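# this one's sequence-less:
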Ligand code: TXA
Ligand code: MG
């Protein structure tokens, strides 16, 4: 398939309209959002959405997020509870997805046969114009081949999906760089199924009673069915085996230096996911600073690009410094643990 690539910004109305025509015709368009790039199709067109699963190699039991540009979502959901309204009013447009009871308008393929649907309104203006011009909601998972790190630049999507989609639009690096927070919204309780830039604290600040799905904190049990089907797959995985080191930072650096020496003697190259504070303390290996520990937002934005860079360099092992699992650190460590297949050493 020929894939058209358009570098656009929010003022590129003609090109965004052309992309919207592709969506209307049942085609696939990769587009930017503030979290990660999405692989979009008309959410009301089952055949179009089937192509998404094929292009990504995505398992059929992993449901898609439906992206909207209008606050009136009554056509797509059964009834909207107060808690859902509160989240929409406070955080939409923005990086949070609500899981609510679906209406019959949304095809079962989109929700992988669940009776709930995940909906979000992106803040990225190109994304919202695309949805508006298409005149339909857009179903979109992250625009990566299943199992690879989510794409945070247009180049990542070109690497993964060139020739597999009708069009790729974008240009800017994604602002947040981690996928949206996914919350299941029930009358009494809000449960975080996937941590993201909208944190537990932020949800509690608007008066919600918030739980964290246990699958986020520990390695998912193969026999347990997680609430968010996506949580059970190995994800974000770089090619090399990855280990996260947590505990006192001095000890972490010593341990990783020891590993660098050990692997070097075997002719192997270690990739180190370091921070601005530590990057000069390593003696060898391929060092990438993911950012300063004082700016977790930038670390989140750089994480997937860093994992992809280790793939390009073709390192043999990756050792990564860990982060505190609170605030945005919960989302960062959630993605890192998945990338490392829960291989964590606490010193
Ligand atoms: O930031 C994002 O959310 C990006 C951009 C493109 O918007 N999209 C994204 O989609 O990350 P995807 O498909 O990679 O992740 C969707 C997650 C999966 O973990 C999936 O299992 C969960 O949302 N999900 C979707 N529908 C659900 C539902 N009805 N119930 C529970 N979890 C659901
Ligand atoms: Mg994804």
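Okay, I see it. If you're wondering where the values come from, they're calculated on a predicted model, not measured in any experiment. Ligands and ions are numbered 1, 2, ... in the order given.

# gap between the nearest residue to residue 162 once chain neighbours are set aside and ligand 1?
Residue nearest to residue 162 in three dimensions, not counting chain neighbours: residue 3, with 5.3 Å by CB to CB, 6 or more residues apart in numbering. In this view, the C-beta of every residue, glycine as well, is placed from N, C-alpha and C. Residue 3 sits 18 Å away from ligand 1, taking CB to the nearest ligand atom, to the nearest Å as the criterion.

# again with residue 276
As judged by CB to the nearest ligand atom, residue 276 and ligand 1 stand 26 Å apart.

# who's in contact with that residue?
Residue 276 makes contacts with 289, 291-293, as judged by CB atoms under 8 Å, 6 or more residues apart in numbering.

# same for the helix or strand harbouring residue 256, what does it pack against?
With secondary structure defined by DSSP states H and E, residue 256 is part of helix 249-265. In terms of contacts (3 or more CB pairs under 8 Å, 6 or more residues apart in numbering; DSSP states H and E), helix 249-265 is packed against strand 241-246, strand 270-274, strand 317-321.

# SS state for the residue positioned nearest the centre of the chain?
Computing the C-alpha centroid of the chain and ranking residues by CA atoms, centre = their mean puts residue 179 first, at 2.7 Å. Reducing the assignment at residue 179 to three states with DSSP: H, G, I helix; E, B strand; the rest coil gives coil.

# Quick check, it in contact with residue 35.
Yes: counting by CB atoms under 8 Å, residue 35 is a contact partner of residue 179 at 5.2 Å.

# shared neighbours of these two, anything?
Common neighbours of residue 179 and residue 35, using CB under 8 Å, 6+ apart, are 95, 196.

# Any figure for the gap between the residue nearest to the centre of the chain and residue 101?
To residue 101, residue 179 is 22 Å away according to CB to CB, to the nearest Å.

# just residue 18 next, same as before
In this structure, residue 18 and residue 101 are 35 Å apart, going by CB to CB.

# Show me where the stretch 101-250 of the chain has its strands.
Secondary structure of the stretch 101-250 of the chain (DSSP state E, counting those that start in this stretch): strands at 116-120, 138-139, 167-170, 181-185, 190-194, 210-212, 241-246.

# and of those strands, who's closest to residue 160?
Of all these, strand 167-170 sits nearest to residue 160, with 10.1 Å by CB to CB.

# does the closest one come close to ligand 1?
No: Strand 167-170 is not in contact with ligand 1 by CB under 6 Å from any ligand atom; minimum separation 11.5 Å.

# Tell me the buried residues within the contacts of residue 276.
Under a neighbour-count criterion of 16 or more other CB atoms under 10 Å, the subset of those counted as buried comprises 289, 291, 293.

# per-residue confidence at residue 218?
Residue 218 is assigned a predicted lDDT (pLDDT) of 79.

# I meant residue 187, not that one.
Residue 187 carries a pLDDT score of 74 in this model.

# and the residue nearest to it when sequence neighbours are not counted, what pLDDT?
Closest residue to residue 187 in three dimensions, ignoring its sequence neighbours and counting by CB to CB, 6+ apart: residue 81, at 5.5 Å. The per-residue pLDDT reported for residue 81 equals 89.
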